[in-house]
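Asker: My questions are about this predicted structure, shown below with the sequence.
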Amino acid sequence: MADQETKFTFRLTQCYIEMARSAFTTIHDPGAKRRDELLKASAQSPRANVNLALVSMSVVFSYLAIESFINYQFWQLWAKRNRSDVLGRWFQDKFPKVRKFEHFKRRPLRDLGERIKVVCDLLGYRQLHEVNPTLWQKFKGLVEDSRHFLVHPYPDPDVLQEKLGRIMFENKAGEYVQVACGIISHLYQEARQEPPLWLERNLLFRFRGVDYLVGRNDEIGGPEGQSI
């Protein structure tokens, strides 16, 4: 007799939100004195790289949380495309040549912001960029633009310093995940549903700090001693 297959239910958006929120944790640094000496001697800051890693995790997972949530909403609408009602006719008229859902990731809805607008429009919700333009601008600047640079970094030193400086120091800690939670909450509220508790705090896991590793990385800035 074959083993019975077990299937699990995964909540991607919740996992991503909790990862993004968990990035803001304590850094255990047993070699802080050694690193202070290195910083004075060579202007290298290994600690800054640890901070960058954690901030990057928050940015990327905040973006993934929004995308996973919006894609699921859009997929549920897409699944009804063959019906003869208003929704079905909309898909047939708007995207007559789109045969597979994943094609929306290319064109015509490659941009996540456009997918958010379409989902709100199809569900009859108020548009986020009209209801809360401040949150929308933070989405475009913090999550979308910052995420794009981290995923597709431009190695010019001046550009790198400017972008990373803004991402790490000009934005308030935790603001990335707050943007994601705000966008997701908007759709719940428009649907007249109570936003889930994991938008307020972690329910699955949390990090109890990260350990800074003392070793040869204190002597170099990156691969082969490069700064990037």
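Answerer: Looks like it came in fine.

Asker: ends of stretch 120-135, how far apart?
Answerer: 15 Å (CA to CA, to the nearest Å).

Asker: what mean pLDDT does that stretch have?
Answerer: Averaged over stretch 120-135, pLDDT sits at 94.

Asker: And for that stretch, what's in contact with it?
Answerer: 73, 77, 87, 90, 116-117, 119, 136, 139, 179, 182-183, 186-187, 190-191 (CB atoms under 8 Å, 6 or more residues apart in numbering). All C-beta atoms are positioned from the backbone trio N, CA, C, and that covers glycine.

Asker: go again using 7 Å as the cut-off
Answerer: 77, 87, 90, 116-117, 136, 179, 182-183, 186-187, 190 (CB atoms under 7 Å, 6 or more residues apart in numbering).

Asker: So which bits of that stretch are buried?
Answerer: Buried residues in stretch 120-135, defined by neighbour count with 16 or more other CB atoms under 10 Å: 120, 122, 125, 128-129, 132, 135.

Asker: Check stretch 190-205 too.
Answerer: In stretch 190-205, the ones that count as buried by 16+ other CB under 10 Å are 190, 195, 198-199.

Asker: Send me it as PDB with only the CA atoms.
Answerer: Presented in PDB, the C-alpha positions along stretch 190-205 are these (Å, rounded to 0.1, in the frame of the first residue of the first chain):
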ATOM      1  CA  GLU A 190     -12.000  47.400   1.800                       C
ATOM      2  CA  ALA A 191     -13.400  43.900   1.900                       C
ATOM      3  CA  ARG A 192     -14.900  44.700   5.300                       C
ATOM      4  CA  GLN A 193     -12.800  42.100   7.000                       C
ATOM      5  CA  GLU A 194     -10.700  42.300  10.200                       C
ATOM      6  CA  PRO A 195      -7.000  42.300   9.300                       C
ATOM      7  CA  PRO A 196      -5.200  39.200  10.700                       C
ATOM      8  CA  LEU A 197      -3.200  39.500  13.900                       C
ATOM      9  CA  TRP A 198       0.100  38.700  12.200                       C
ATOM     10  CA  LEU A 199       0.000  42.100  10.600                       C
ATOM     11  CA  GLU A 200       0.500  43.500  14.100                       C
ATOM     12  CA  ARG A 201       3.000  41.100  15.500                       C
ATOM     13  CA  ASN A 202       4.700  37.800  14.800                       C
ATOM     14  CA  LEU A 203       2.700  34.600  15.600                       C
ATOM     15  CA  LEU A 204       4.900  31.900  14.100                       C
ATOM     16  CA  PHE A 205       8.500  32.800  15.100                       C
END
